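Asks: I would like the atomic coordinates for the input below:
(chains A, B and C)
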Amino acid sequence: MELITPVWAAYGIVALAALLVASGIAAQFHRRKGVAFWLSTAILLVLAALAAYEFAVSADFVLFGLLHVYAFSMFFAVLFALGLELVNILSYGHSSHFIEISTLLGFAAVGILVVPMAYSLLTIIIAIELTTVPSALMIAIGGKRDLEPAVKLLLLSSIAIAVLAFAVSLVFPYDMQLGLTAIAANPSIGGSYIVFLSMVLFIAALAVEAALFPFNLWVPDVYEGAPGNVTALVAGINKKVAMVALIEILFTVFIVSRPAFMAGIAVLSVLTMFFGNLAAMAQTNVKRMFAYSSISQAGYIMVGVAAATQYGLESSAFQIAAHMFMIIGAFAIVLWLEERNIKSVEDYKGLAMRNGFAGIALTIIMLSMAGIPPLMGFMGKFLLFSSAISAGLLTLAFIGILNSFLSIYYYGRLIAAIYDRRYERKLILDRSVKAVVIAVLVVIVVFGIYPAPLMAITITVAHSLLGL
Amino acid sequence: MFPYLFAMLGVLLAGTLASLPFGKRISRGIAVAATLAVLVMAALMLAIALGSGSSFYESLPYIGVFGVSFSLQAGMVQLALVTMASIVAFAAVIGGNVESENAKASNALVMLFELAAIGLFSSANFFLFYVFWDIGVIAGFFMIYSLGGAMRRVAANAYLVYSIFASAMLLLGILLIYFYTPVHTFSISGIGAAAGSIPIALQELIFLSMFIAFIVKMPVFPLHSWMPNAYAEASTQGSMLLSGVLSKFGAYGMLLLFSMLPIASKVSEYAFALAAISAFYAAFAAMHQSDIKRMIGYTSMLEGSIILAGISALNYFGTYGSAYLMLAHGLAVALLFLAAGSIQKLFGSTDMRALRGIVKNAGSTAYTFLLGVLSSTGMPLTATFIADVLIFIGTISAFGVLGIVPLLSIILMGAYMYYAVRRSFLSTATFTQSRWHVGVPQNVAYAILIASIFLFGIMPMLLLQLVKI
Amino acid sequence: MIAIYAVIVLVVAGIAALLARRHALAPRYIALAGSIVALAIIAYAFLYGSAGTYSIPWFSIGQYSFPIVLETYSLNMLLLMLVGVITPLIFLYSIGFMDVPTEQGRFYFEISVFAAAMMLFAIAGNLITMFLAWEMLGITSYLLIGFWYYKNRAAAAARTAITTIIIGDVLMLSAILLIFSAYHTMSFNAILAAPYSSSLTVAMALLLIALFTKSAQFPFHEWLPDAMEGPTPVSAFLHSSTMVKAGVFLAAVLLPLFAKAGLLRVMLVIGIISALLGASNALTERHVKRILAYSTIEDIGLMFVALGLNALAAAMLFFVVQAFYKAILFMSAGSIMRANNETTNIYDLYGSSKSKLLVITSSIAALSLAGIVPLSGFFGKAAIGTASLYANLLVYAVLAVIGFASSVYIFRWLIVPMRRAPEGEETQISSKYAHLPRSMLASPAILAVLVIAAALLYLYLPGYLAQHMQGIGVLDAATESGIAVAGILVAYMLFRKVEPLAPSRHRIAVSALYNSLLVNKAYALIANLFYAIGAGIDAIDNGLYEAALSGGNGVVYAGGKLRRIVNGQPNVYLVAVLIGIILLVAVMVV
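Replies: Presented below is the predicted three-dimensional model:
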């Protein structure tokens, strides 16, 4: 008899998610940072392990009629669990409100983990709500100064939720179903303008969360205003969650309208890339620059969605993973320097002399973002652009490559600043940032040099979503 | 057979990583050992190839999904370039940076750069080609930026922007080729076999994008604007490797491009015309430079144009002549920049308006520079001569009497270089005072490069024997 | 084949001299010994060697090969022998002349390689071997002319020379490659035997220009007088048997090709112009060595005239005999300068009559140059005169004028330094003449014997040449000698009185004759034109860079503008969301 079966493991995942929330609430009472940290760490890691197990045995079943346990969801569960753990470490070392963060992170985690597993539109809405509201609170925790970005995030995401709800209500009357596959099975889903409008609204609502232009104007304010660890969460994970939701909905419910959403997403992708890159060029504040850079990365990821092929999905999944690690790593260093009042490109001058490791690490992360081989960001972009070409979207690929070129301007500028000669007092890297950055570097270098395993995984992911 | 190419890459990677944690002297020792080991392996490969007449092919599985394997190959052209890169890198480590404060970082960068160069020259598919290309670009950036001169920031940024633009164009071309050849392959030989079936319009697009990428690197007019500053501002090692080796990334790519796409035969005349214009452009632009390093930069652009001319001839004279010129020019220009670097160190300037009587203060440097000039102008018994002969026989048979036109630009270049020699190296009552002296390491490095220039000039069969027609 | 060992011996000797540079005396004897061994080898080859071609593989590609080819036909052996004889004499002279201990090694290395290059040139059997020697000659001559590199003028002269040389080199290479492309071979024999190819005209024209650069013919002649900044043995060597002779020699070897390409007339015209320019400048120049340099331009011009008249034998005869007297003249000039503290203006040189040997040898040489029977120079000049008489009377007349002028200037050159030195300096100068190193006098003495003996050459011309020779009649001889004597008399009348031609009185005439300055101005004009183009291109280049830069800045500026959308106002963000939705609908419906 097997010790552990896929179904039991799935129950385990659910239980662990609940436990995470529970431990977060419990932290409010015992108020021990160490306990809260190690407990959530253990839970996230075990959860990731269980999800990985589900992936490995290629489980495919629906739990409680709500949660779809299959390769797609389990891949993102693992990914997000690891990302959450990085944010957790970062917050542990750098937040004066770690207990509160821990509680909120527990709630957010549930939302984050549920989105990819969601089996119905309603689940998606609730899960997204569950990820954004705690995030906004996490920003607001810092005090008055942090209130404005928090409000903006809350405002925009509540609009998004409203639009999302409206979109659901448009599609619901068709067969009174909310299950993703159930809707997709309805033959009347294609051709109707109401359904079409619903799709537009879905894209629009999720584009707000996924930071696609022109739905993303709130992003720079929030990313800059929020404390670094929360920015890492919002930029690294929340945004990806919205993308995952978008992918799920488009590729299950609206798969028949593929040509239409290809065009729409392609346009959004182009606009987003240009907006992110051009705006980043003019930035002198590093955090804001990374905010814009992360917008442009969202544009790249959408190239794969616009290709709307299995290959495109693989590429997007790959880049989602890549960018999650890169941006968390980048914001970790930015957070650490921000605490030392080093904020603008000017301030970054001589970083390599003040702390060699941080200099090299940030350089590698930025090179990866810029798509320089042999780093993970390069593989991601390579896959994305090639998926566009293989889908016949030559122009989109060309624009993507062009943007990839534009981005070197601001990455190069910051790298140049880092290696400027300036002798000032050394900076000491603390443990939590170091741990996060090392983990990120290992991931982006290993999967940059030897991407084959991750590519094989993403193929399974795409297969499972497309039901192949 | 022993996997020489993998071993080279391994040694260099290990050397790069190993030199980082240690101090100046140990890291220098590691760098010397690693580059020497690579040079020895390159020589062994050449010996094996001459003995057995075989070419090299080494392969490991890499990314199965694309059918990309980690495959390295080396025939005549590749061996020439690998040999050149290993000689230049060795000389750069020995003599390029003897007592700089950044010796550690500099040596690590040289090894990283050599890794990129050898990987690129020997890569059997375009995926690896691109990967190594970009590694080289980044290593070059740091050689300019973090080790360079006063205006290094501007120079490095311009270099980076142009280079990444080239990379983007290259990536576009590679991806287009991959998806529009029926066999979906990155393999260089595979593409050559299958490229005929790509529609003409698309071939034009591919050709254009890759052509742009390669002329940025070579550099050839009109996409050379990054070059003068970059060469002038980089560290000595940086100038040597950028001009000697990095420019060959583009030249080698161009060679592959012309031999790969059938469309090349239709555009070769335009490419040749561009090469001729670029050669004269560079010669004239060189005449207005007062900085020795900038002058060398433009002469290097001229040689790049001649390489392009040879490639555009599309016959084996032009093709192998160009390959030979890549080797010859790499050695010669590295020699010139090494000498210029010594001058910089000796007199604190490379401005020929300020320098006088170098031969009196630094005889070996002055004679070395003169030899570099002689080699650049194609003196017989230097490798450049063999290359010039082959290239222009090729262009004459492709384009008739007009094929000789780019060669005439050498008159202008030579005349100006001799003017520089007369002005700064010879002649004067008031010598510029030196504040340093050229030590044994520099002289050894000079000797290595000079010996190689003559070796391949006197015994061209070392490489030409490997040509299979 | 054995001749190649002479080249090798000299190169080895040169390298040995360089390695032995720390010893004060070793380099000179090593070099001298090497040159004597080389001469012995050459003499052996000359006497016992067989004519033919020998090929050593160098490199090949595809079905084409590029070997080193040597040939030992009579023409080759003639030049080889000439170089072989002159070389030890030059080295002998240098023993006395080159007395700076620190520079011995460098000097003998450079000059030995120079001599070796000329020997290789003499026996080169194909274009690529010839080019190899040609370039070696050019480069070593550059080094030798700039030997006193710390003298500004020497460095400038070296640069002028190398600039001219590199024009020639590149054109020569171009011509070689064009010829190869037409015939797929580089061997002289094969090319001469091959049928005419139409692309040959361009190639031969380029080749001819290259020859003119090397042989200092109009308009590339001004580097040669400047080259006088080199040490005197180098001048003597350069003007007698090497370097400038290379161009003539190659023209002689490839004469049938030039004839086929219809370029003989060009040779003739350029030859005459150069000879006239050389003679006129020699008449008015005051630098003791530059007079001789212009004289050389004239001599080479005459050789080209002969070749242009297709009188190969006459040209080659003059080619040989000119070497001997010109070497003497330069050596004498060096001795006179040495005795006068390296002064160069002939009007500041005195007392050459103090040294009998010097006067005798230099007089023999001058008489030979002027063309007095029965010295060897006469036969050379008369042969050319005869050839022109048969071909073109106008040419003959011009040659007569040149002949007259040359006897005037050479006797001016000879007579003026003979004057008695001014009071007070006399004893010092005489003692300097008395203490001239023996080798500096011995070498010209040997050459003087050769000048006389070389007259025999006319009688025993190598068989192949003799067939082409037209006889020199008594009338010819009388005219020739008469003109020469008249010139000598005029020179005696004019310059006996010692006063220089006063510029005030003869300004126009002098500046017309002394056009060197004008030519140099023209050179400067052309150089400035190129520099101006260079400046223009450089401006364009900066413009290109600026354009790229401002393009980049424009993008950054646009980015800055774009960023303004994000102004912190949530209501704008909401409007943007609405616009986005409309946009999406628009895109997806269309």
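
Asks: Are stretch A:269-287 and chain C in contact anywhere?
Replies: Yes - Stretch A:269-287 lies within reach of chain C by Cβ under 8 Å from any Cβ of the partner chain, at A:F275, A:N277, A:L278, A:A279, A:A280, A:M281, A:A282, A:Q283. Where you see a C-beta, it was placed from the backbone N, CA and C, and this is true even at glycine.

Asks: Need the CA coordinates for that stretch. PDB is fine.
Replies: Extracted in PDB, the C-alpha atoms of stretch A:269-287 (Å, rounded to 0.1, in the frame of the first residue of the first chain):
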ATOM      1  CA  SER A 269       1.800  43.200 -25.300                       C
ATOM      2  CA  VAL A 270       3.300  45.700 -27.800                       C
ATOM      3  CA  LEU A 271       2.000  48.700 -25.900                       C
ATOM      4  CA  THR A 272       3.200  47.300 -22.600                       C
ATOM      5  CA  MET A 273       6.700  46.600 -23.800                       C
ATOM      6  CA  PHE A 274       7.100  50.000 -25.300                       C
ATOM      7  CA  PHE A 275       5.600  51.800 -22.400                       C
ATOM      8  CA  GLY A 276       7.700  49.900 -19.800                       C
ATOM      9  CA  ASN A 277      10.900  50.300 -21.700                       C
ATOM     10  CA  LEU A 278      10.600  53.900 -22.800                       C
ATOM     11  CA  ALA A 279       9.400  55.100 -19.400                       C
ATOM     12  CA  ALA A 280      12.200  53.100 -17.700                       C
ATOM     13  CA  MET A 281      14.800  54.900 -19.800                       C
ATOM     14  CA  ALA A 282      13.800  58.200 -18.300                       C
ATOM     15  CA  GLN A 283      13.900  57.000 -14.700                       C
ATOM     16  CA  THR A 284      16.500  58.000 -12.300                       C
ATOM     17  CA  ASN A 285      14.900  56.300  -9.300                       C
ATOM     18  CA  VAL A 286      16.100  52.700  -9.300                       C
ATOM     19  CA  LYS A 287      13.000  51.200  -7.700                       C
END
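
Asks: Quick check: mean pLDDT of that stretch?
Replies: On average, the pLDDT along stretch A:269-287 is 89.

Asks: quick one: it near chain B?
Replies: No - judged by Cβ under 8 Å from any Cβ, stretch A:269-287 stays clear of chain B, getting no closer than 11.2 Å.

Asks: how about that stretch: buried residues?
Replies: With burial defined by 16 or more other Cβ atoms under 10 Å in any protein chain shown, the residues of stretch A:269-287 counted as buried are A:269-283, A:286-287.

Asks: Name the helix or strand for whatever residue of the stretch 201-350 of chain B ends up closest to chain A, please.
Replies: In the stretch 201-350 of chain B, the residue that lies nearest chain A is B:L205 (8.2 Å; Cβ to the nearest Cβ). Assigned by DSSP states H and E, B:L205 belongs to helix B:200-217.

Asks: Show me what that helix packs onto, helices and strands only.
Replies: helix B:152-180, helix B:247-260, helix B:264-286 (3 or more Cβ pairs under 8 Å, 6 or more residues apart in numbering or on different chains; DSSP states H and E).

Asks: how about JSON lines for those helices, with distance to chain C added?
Replies: Listed next are these as JSON lines, based on distance: least, Cβ to the nearest Cβ, whole Å:
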{"stretch": "helix B:152-180", "distance to chain C": "7"}
{"stretch": "helix B:247-260", "distance to chain C": "16"}
{"stretch": "helix B:264-286", "distance to chain C": "4"}
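
Asks: Could you dump those into JSON lines and include mean pLDDT and mean neighbour count?
Replies: Below are these laid out as JSON lines (pLDDT from 0 to 100; neighbours: other Cβ atoms under 10 Å in any protein chain shown):
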{"stretch": "helix B:152-180", "mean pLDDT": "87", "mean neighbour count": "24"}
{"stretch": "helix B:247-260", "mean pLDDT": "91", "mean neighbour count": "24"}
{"stretch": "helix B:264-286", "mean pLDDT": "91", "mean neighbour count": "22"}
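
Asks: a markdown table for the ones you listed, including distance to A:M379?
Replies: Formatted as a markdown table, these follow (distance: least, Cβ to Cβ, whole Å):
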| stretch | distance to A:M379 |
| --- | --- |
| helix B:152-180 | 12 |
| helix B:247-260 | 21 |
| helix B:264-286 | 30 |
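
Asks: Regarding the chain, what is its longest helix?
Replies: You didn't pick a chain, so chain A it is. The single longest helix within chain A, with elements called by DSSP state H, is helix A:310-338.

Asks: That was the other one, I meant chain B.
Replies: Longest helix in chain B, counting residues (DSSP H): helix B:316-347.

Asks: following that helix, which helix or strand shows up next?
Replies: helix B:358-361.

Asks: ok, back up a step: tell me the gap between the longest helix of chain A and the middle of its chain.
Replies: Relative to the chain's own centre, helix A:310-338 is displaced by 7 Å; criterion: Cα atoms, centre = their mean, to the nearest Å.

Asks: any idea of the pLDDT on the residue in the stretch 151-300 of chain B that chain C sits nearest to?
Replies: Here the stretch 151-300 of chain B gets closest to chain C at one residue, B:M287, 3.2 Å apart by Cβ to the nearest Cβ. B:M287 is assigned 88 on the pLDDT scale.

Asks: Count the neighbours of it for me.
Replies: 24 (other Cβ atoms under 10 Å in any protein chain shown).

Asks: The longest helix of chain A near chain B anywhere?
Replies: No - using Cβ under 8 Å from any Cβ, helix A:310-338 never reaches chain B; the gap is at least 8.7 Å.

Asks: how about B:I200, what does it touch?
Replies: Contact analysis of B:I200 by Cβ atoms under 8 Å, 6 or more residues apart in numbering or on different chains lists B:I263.

Asks: where's B:E58, which helix or strand?
Replies: strand B:56-63.

Asks: Quick check: what element follows that strand along the chain?
Replies: Heading C-terminal from strand B:56-63, the first helix or strand you meet, by DSSP H and E, is strand B:68-74.

Asks: touching chain A at all, that following strand?
Replies: No - judged by Cβ under 8 Å from any Cβ, strand B:68-74 and chain A are separated, with a smallest distance of 9.0 Å.

Asks: Name the helix or strand of chain A that has the lowest mean pLDDT.
Replies: helix A:180-185 (a mean of 66; mean pLDDT, DSSP states H and E).

Asks: One more: chain B?
Replies: Least confident helix or strand, chain B: helix B:358-361 with a mean of 78, by mean pLDDT, DSSP H and E.

Asks: That one packs against which elements?
Replies: helix B:316-347, helix B:363-376.

Asks: Flag the shaky bits of the stretch 51-200 of chain B, pLDDT-wise.
Replies: Applying pLDDT under 70 to the stretch 51-200 of chain B picks out residues B:98-101, B:148-149.

Asks: and it, which residues reach chain A?
Replies: Going by Cβ under 8 Å from any Cβ, the residues of the stretch 51-200 of chain B near chain A are B:62-65, B:130-131, B:134-135, B:137-138, B:141-142, B:145-146, B:153, B:156-157, B:160-161, B:164-165, B:167-169, B:171-172, B:175-176, B:178-179.

Asks: The nearest residue to B:V220 once chain neighbours are set aside and B:L402, how far apart?
Replies: Spatial nearest neighbour of B:V220, chain neighbours left out: B:S278 (4.6 Å); criterion: Cβ to Cβ, 6 or more residues apart in numbering or on different chains. Distance of B:S278 to B:L402, computed by Cβ to Cβ, to the nearest Å: 15 Å.
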